[in-house]
Structure formats: C-alpha cells, structure tokens
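Give the three-dimensional model of this entry:
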Amino acid sequence: MLAEMLEKLVVSLVNNWRKYLGCFLGFVLGVLLVEYGLPKTVFIVVLSIIGYKIGDMTFIKKIKKFIAEKIKED
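Coordinates of the predicted model:
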C-alpha cells in the first residue's frame, strides 16, 4: 500500500517536474516579496541569476575563450 503510493508520487514528480519547480519558485518569490518588499526581492533575484550564469560551465568556457582571443589580438 505505502509502496504503491510512493511509486505514484515519484512518477507524478518525474512527469510533472516543471509544474512542481514553478510552484516552488513562485512560493519562494511570494515569500520574498512579502518579507522584504519589491526592491530587495528584485535585487535577490538578479544576484541569483548572475550566480547561476557564473556557475554555468558553458558560460565560463565562453568567457575564457573571449579572454584568450583578446590576448592573442594584442
């Protein structure tokens, strides 16, 4: 009984992960807006996006390639 319920839950999470992620992000954004206000929330979101981009390996590779090309030009 419990194993079947757990299996259904896992299947639902796998099939609808975008909905659950959107729900979670909406909840977090709502809590931030209520707790800190719009300007601070926008600041937190912008810093989160910047951190995500910096942590992305393809972005880092692009930056390294750009710097290497600029060094070769000089």
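
Surely Lys53 and Phe59 touch.
Yes: the criterion here is CB atoms under 8 Å, and Lys53 meets it with Phe59 at 5.2 Å. (Each C-beta comes from the backbone N, C-alpha and C, glycine too.)

where's whichever helix in the chain runs longest relative to the chain centroid, distance-wise?
The single longest helix within the chain, with elements called by DSSP state H, is helix 17-36. Remark: helix 17-36 is offset 12 Å from the chain centroid, using CA atoms, centre = their mean, to the nearest Å.

From the rest of the structure, what touches that helix?
Identification of contacts with helix 17-36 by CB atoms under 8 Å, 6 or more residues apart in numbering yields Leu13, Lys40, Thr41, Ile44, Val45.

Tell me the confidence at the residue most central in space within the chain?
Most central in the chain under CA atoms, centre = their mean is Tyr52, positioned 6.4 Å from the mean C-alpha point. Per-residue pLDDT puts Tyr52 at 84.

ok so, going back, tell me the helix or strand right after the longest helix of the chain.
helix 38-55 (DSSP states H and E).

Quick one: name whatever helix or strand follows that following helix.
Assigned by DSSP H and E, the successor of helix 38-55 is helix 57-73.
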